[in-house]
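Q: For reference, the sequence and a predicted model appear below.
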Amino acid sequence: MDQAGGGAGETAGPISGVSPGRPAHRPGVAWRRPALVVAVLGAGLLLAVVAVGAALEDSHARMLLAVLAPPAAIVAAGGAAALRRAVRRWREVTAELRGMRERLQLFDGMLSSVQRSIFILYNRQGDIVDAWGPADLATWFGLSLDQVRGRNMREFLLAEHARRREQMLACVFEEGLPQSGPCEVLFQGKLFSYEVSISPLRDAAGRVTAAAAFCRETNELRVAESRLYESREALRALLDAVDESAFLIDEDYRLLALNETAGRRLEQPPGELIGRDVRPLWPADTAARRAAQIEWVRRTGEAVEFTDRRNGYVFENKLTPIRDERGRVVKIAIFARDVSERQRAEEELRRSEERYRGIVESHVDLVVRLDLEERLAFVNDAFCRKFGYRREELLGRRFLPQPHPDDVRLTLEVLRDLRFPPYRTHHQARMMTPEGWRWIAWENTTIFDRAGRIEEFQGIGRDVTDYVNSLDALRQSEERYKSIVENTRDLIIVSEPGGAISYASPACEQVLGWSSATLIAGEVTGIPPAPGKPCFVHPEDRERVVAFLSGQAGDPGARTLEYRIVTRDVDVRWVSHAWSPVCCGGKPRQVIHIVRDVTPMRMAEQAERRRSQDLARVYENVPIGLWKLSMDRTRILAFSPLMTEITGLDMNVMFADPTDWVERFGDNPESRRAMQIMDERIAQQLPFDVEYEFRTESRGPRWLQSIAKPATEHGEVVYYGVTLDITERRAMERERNLLAEALNQADEMIIVTDAAGRIVYVNPAFERITGYRREEALGQTPRLIKSGHHHPSHYQGLWGTIREGRVWRGHFINRRRNGEMFEQFATITPVLNDQRQVTHFIGVQRDISIERELERRLRHAQRISDIGQTIMGVSHHLKNILSGLRGSSMLMERGLETGDLCRVRELWPVFQRNTERMSRLADEMLNYARLQRLELAPVDPGELSGEVLENQRSLAEQRRVSLEAELAEPLPRLLCDRNRMYDALLNLVCNAVDACDDVGGGRVGIQVRYLEQERQIEICVHDNGRGIDEETLARIFNPFFTTKGSKGTGLGLAVVQKTVHEHGGRIEVTSRPGRTCFTMWIPVDGRPGGKEE
């Protein structure tokens, strides 16, 4: 065994060209027997040839065996004899050996080209004797050849594969049969897979001495085969799953493969069809055409698609060539798809599309589709007509119809929302159309393709302008009805079938006194009443209301009842209650109750009944004759009892013959005219009002007035009339006419006004005196002839007197129409009614201009007399002063002569006082007599008044008189001569202080205020002194008139009046015991030049 093992190792030497590091022979082996060497060489060669043949299963391997097997067999079988014969034939085979060496070198190169494979020599025990190949064991196991040589293969194989290898080796050594199979080697945790082929190596005696194993790594091959298998199965499953028939044929039309669909359509199992000629399976009418198409594919190498029909089915076919590595068409794949259903569906879809397109095109709704960029992809005719565009103008463009500016945002939001679930929107927007802004309601959806991607957006629109307008109208109507319900005075209640109240109008609080919420919440009840809660139905009427609501109140259809309620304020009211059921589907759903407060109506009915009774009593007792007459005056249809008293006729007799009425008319023109008017008006069916004389039997002739109006009763025209006895009124009218004539003939001016002062009557004397016509004066006020001469206080006193119901008498200076002034003495008398209320004023005014002229002349004479008296007074003053001066000067002269200086000193003050009195008298006379130019400057009247009071305050305190100032704010500045105005005020205040000498607790005051309309400053200096009598008032402003005796000159007030007139103002004085007032009115702009009246 050792020799066999060694021989095997030596035999392997010549072919170990791929193992350059291995020694040519093994130490210790004898090479003395050439025949053995040849035998071993032959056996090794044979084994190598067999092993290579087993590994290379193709034409090259067969060729190699054919060349090398015979020599190797000869060498191994012949043994030594063959060797001798070989020696003899050495020369003959030398050439063959040389060729064999060349072939071995070729074989060695072929082995080098086999990747991932090795050759291993085993002995009978399974030990590794030798190994070589393009990848030795060191590459696979990480061990060198010396490290594995002599080791058993069981150390590397898995247990299962190790037993299998032992069985294979046993079969090879014992039976001499080659073995093959897979094995797996686990080395250092790494798994290696191999495909092993083991061949026996025999010695010259034919015994198996070694085993040659060819190992090919199959890791990648197994992975590739696994993947190829998986791919093949996946492809087969895919082909079986599709609804297409798939065939694979070769050049001879034999079926190489087909899927399950093809087997079903051919109605045979696919396994039975493999290898059969496909042509007999084709229909006879298409076999020739199908063969021609296959030949064309085989010849051109291009795929062919065609459609054929058979037995009512339509198939789409495709022939696809399959080429080999040289590009030749060796196989053809045939795919056939049954498209009968699809074509029918497509045809139906086309017809449906045409139908729907026709519907869409003819539809009145607007249909539009937009692509993802919101460009118009489709519009129907209705869309084009609505917006006034042609389809060519719209397609491909952005959405052209302009939405209303208020709806642009909504439109953009809708387009955005269509890109997200639920992919459907509804909206209304206003769009601009040739008809103007129209409301369009859009139903929008998103269109998807087969892959579920958004493809388009579709909108279906409808013009709902009329609907929107109707909704607006309905909403407005609803608001109106709601407003009516909410604002009606009737209480409207809605109750449910169970009796619960679901609604109560706001009038609940007005009718019942409770709020609507209280009624709905059940805190107050109606019928039936709830225990412990107030019930608004009057206790005495509850049974009637229960019967009414249950339909048991007499007439079953009666749904209106009047009864009493008790309000929250315990006020009993009458209401009218009406109810009506609201049915749905024939069943009552709700009941509507309308409760109206009829208390005023009830009260009005009661009042009407009382009024009717009163009218009946009036009819019987009124002092007016009431009657009813036929149109032809032949019948008296009715009359009141007073007609008998007025006419003195028996009305019962007049019923039968009313002609006696006409015969009693007076025989005078007015009565005959009244009869004529009455006939004419009755003939024209017009009202009449006539006065006539009527001859009665008991009271003689009486004047009557008949007033009548026509009316239609039962198609007949009748006259209703009244007759009054106006005999006394006629007498009064005669007296009134006489009075009116007297007024018209009066020489005095007479004015009658109403309570507001508007003129209602003037007599002719008014027109003659004032120059105004009567028509111009009526409706005006007496301000028409106002002159502006009198102060407003004059008129205020007048109105205050007459409005109190007292008669006023006084003087007026009025203005005629031509501007001429005239003076009148007026007496104004108020006219009072029964309630002592003033209704009119009667003014009788007498022109006293002539009298005033006479008075003026009298005053002039009186003035001359006053001047004489003044001269006498001045003379007396001067005489007194001169007498004092003469006496004092004589005494002083005597004292100087006697040297009595004390006497002179005593008389000198007397002399000085008399001199000053004379000087003051001269100054006052000069001031009064001479004309001085005013030095005008703005002056604060309040400040000026205050200075005057301060000047007199010490004197007033000595006389125990209080000084007061009453200043109205604001006061404008007064344009005046400050010194002259100061002197005037000072004079008035001094006189007022003097007037309070005899009065305890005297008071002097100055009142200053601004009259805005007159633009005047009113200054009033008043005191509570003894007052001034009328005779003194008439002469108070006369020069040299004084009531102070020797203490005054009589020029103070004359100078004051002159100063006021020089400023364009006026001054008046009023006085009564305890109240004297000097009032000045000065224009604020200081108009100079006033003259003394």
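A: Perfect, I can see it now. Numbering: from 1, shown residues only.
Q: Please parse this structure into its domains.
A: Using automatic domain parsing, the domain ranges for the chain come out as 2-217, 224-338, 381-470, 488-604, 622-730, 746-847, 933-1093.
Q: Take the ones you listed and write them to CSV, including distance to Met918.
A: C-betas here are computed from N, CA, C, even on glycine. Listed next are the domains of the chain as CSV, based on distance: least, Cβ to Cβ, whole Å:
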stretch, distance to Met918
domain 2-217, 166
domain 224-338, 159
domain 381-470, 104
domain 488-604, 94
domain 622-730, 82
domain 746-847, 40
domain 933-1093, 11
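Q: can you redo those as CSV with mean neighbour count?
A: Shown next, in CSV, are these (neighbours: other Cβ atoms under 10 Å):
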stretch, mean neighbour count
domain 2-217, 17
domain 224-338, 14
domain 381-470, 15
domain 488-604, 15
domain 622-730, 15
domain 746-847, 15
domain 933-1093, 17
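Q: which parts of stretch 887-896 are buried?
A: Within stretch 887-896, the residues scored as buried using 16 or more other Cβ atoms under 10 Å are 888, 891-892, 895.
Q: Secondary structure class of Tyr481, three-state.
A: helix (DSSP: H, G, I helix; E, B strand; the rest coil).
Q: Can you get me a residue count around it?
A: Using other Cβ atoms under 10 Å, Tyr481 has 10 other residues around it.
Q: quick one: contacts for Arg409?
A: Applying Cβ atoms under 8 Å, 6 or more residues apart in numbering, we find Arg409 in contact with no residue.
Q: That should have said Ile1028, apologies.
A: Going by Cβ under 8 Å, 6+ apart, Ile1028 touches 1036, 1069, 1071, 1076.
Q: Check Trp437 too.
A: When contacts are counted by Cβ under 8 Å, 6+ apart, Trp437 touches 404, 430-431.
Q: What is the nearest of the residues you listed to Gly721?
A: Closest approach to Gly721 among these (Cβ to Cβ): Arg430, at 69.9 Å.
Q: where along the stretch 101-250 of the chain do the strands fall?
A: Along the stretch 101-250 of the chain, counting by DSSP state E, counting those that start in this stretch, strands occupy 117-122, 128-132, 179-187, 190-202, 208-217, 244-250.
Q: Reformat those as JSON lines; add mean pLDDT and distance to Thr1043.
A: Formatted as JSON lines, those follow (pLDDT from 0 to 100; distance: least, Cβ to Cβ, whole Å):
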{"stretch": "strand 117-122", "mean pLDDT": "77", "distance to Thr1043": "174"}
{"stretch": "strand 128-132", "mean pLDDT": "77", "distance to Thr1043": "179"}
{"stretch": "strand 179-187", "mean pLDDT": "76", "distance to Thr1043": "166"}
{"stretch": "strand 190-202", "mean pLDDT": "80", "distance to Thr1043": "162"}
{"stretch": "strand 208-217", "mean pLDDT": "82", "distance to Thr1043": "168"}
{"stretch": "strand 244-250", "mean pLDDT": "84", "distance to Thr1043": "152"}
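Q: Of all those strands, which one comes closest to Thr300?
A: Comparison of the strands of the stretch 101-250 of the chain against Thr300 by Cβ to Cβ identifies strand 244-250 as nearest, at 17.0 Å.
Q: Could you list every helix and strand in contact with that closest one?
A: Helices and strands touching strand 244-250, by 3 or more Cβ pairs under 8 Å, 6 or more residues apart in numbering; DSSP states H and E, are strand 255-258, helix 260-266, strand 329-338.
Q: could you list every residue that touches the closest residue to Leu778 other than its chain neighbours?
A: For Leu778, ignoring the flanking residues on the chain, the nearest one in space by Cβ to Cβ, 6 or more residues apart in numbering is Ile759 at 5.7 Å. Applying Cβ under 8 Å, 6+ apart to Ile759 gives the contacts 751-753, 777-782, 784.
Q: Sitting in helices, which of those residues do you find?
A: Those of those mapping onto helices are Ala777, per DSSP state H.
Q: Let me know the closest of the contacts of Ile759 to Arg681.
A: Nearest to Arg681, judged by Cβ to Cβ, of the contacts of Ile759 is Leu778 at 32.6 Å.
Q: about what we covered before: now the helices and strands packed on strand 244-250 as TSV including distance to Arg202 and mean pLDDT?
A: Converted to TSV, the helices and strands packed on strand 244-250 look like this (distance: least, Cβ to Cβ, whole Å; pLDDT from 0 to 100):
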stretch	distance to Arg202	mean pLDDT
strand 255-258	44	84
helix 260-266	53	79
strand 329-338	44	85
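Q: The helix or strand that contains Glu691 packs against which elements?
A: Assigned by DSSP states H and E, Glu691 belongs to strand 688-695. Packed against strand 688-695, as judged by 3+ Cβ pairs under 8 Å, 6+ apart, are the following elements: helix 669-683, strand 701-713.
Q: Between the ones you listed, which one is closest to Arg416.
A: The nearest among these, by Cβ to Cβ, is strand 701-713 at 77.1 Å.
Q: what about dumping the CA coordinates of the closest one to PDB?
A: Output in PDB follows, covering the C-alpha atoms of strand 701-713 (Å, rounded to 0.1, in the frame of the first residue of the first chain):
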ATOM      1  CA  PRO A 701    -143.200 132.800  12.300                       C
ATOM      2  CA  ARG A 702    -139.900 131.200  13.100                       C
ATOM      3  CA  TRP A 703    -136.600 131.100  11.300                       C
ATOM      4  CA  LEU A 704    -135.300 127.600  10.700                       C
ATOM      5  CA  GLN A 705    -132.200 126.100   9.200                       C
ATOM      6  CA  SER A 706    -132.300 122.700   7.500                       C
ATOM      7  CA  ILE A 707    -129.000 120.800   6.700                       C
ATOM      8  CA  ALA A 708    -129.200 117.500   4.800                       C
ATOM      9  CA  LYS A 709    -127.000 115.000   3.100                       C
ATOM     10  CA  PRO A 710    -128.000 112.200   0.600                       C
ATOM     11  CA  ALA A 711    -127.300 108.600   1.400                       C
ATOM     12  CA  THR A 712    -128.100 105.300  -0.400                       C
ATOM     13  CA  GLU A 713    -130.100 102.700   1.500                       C
END
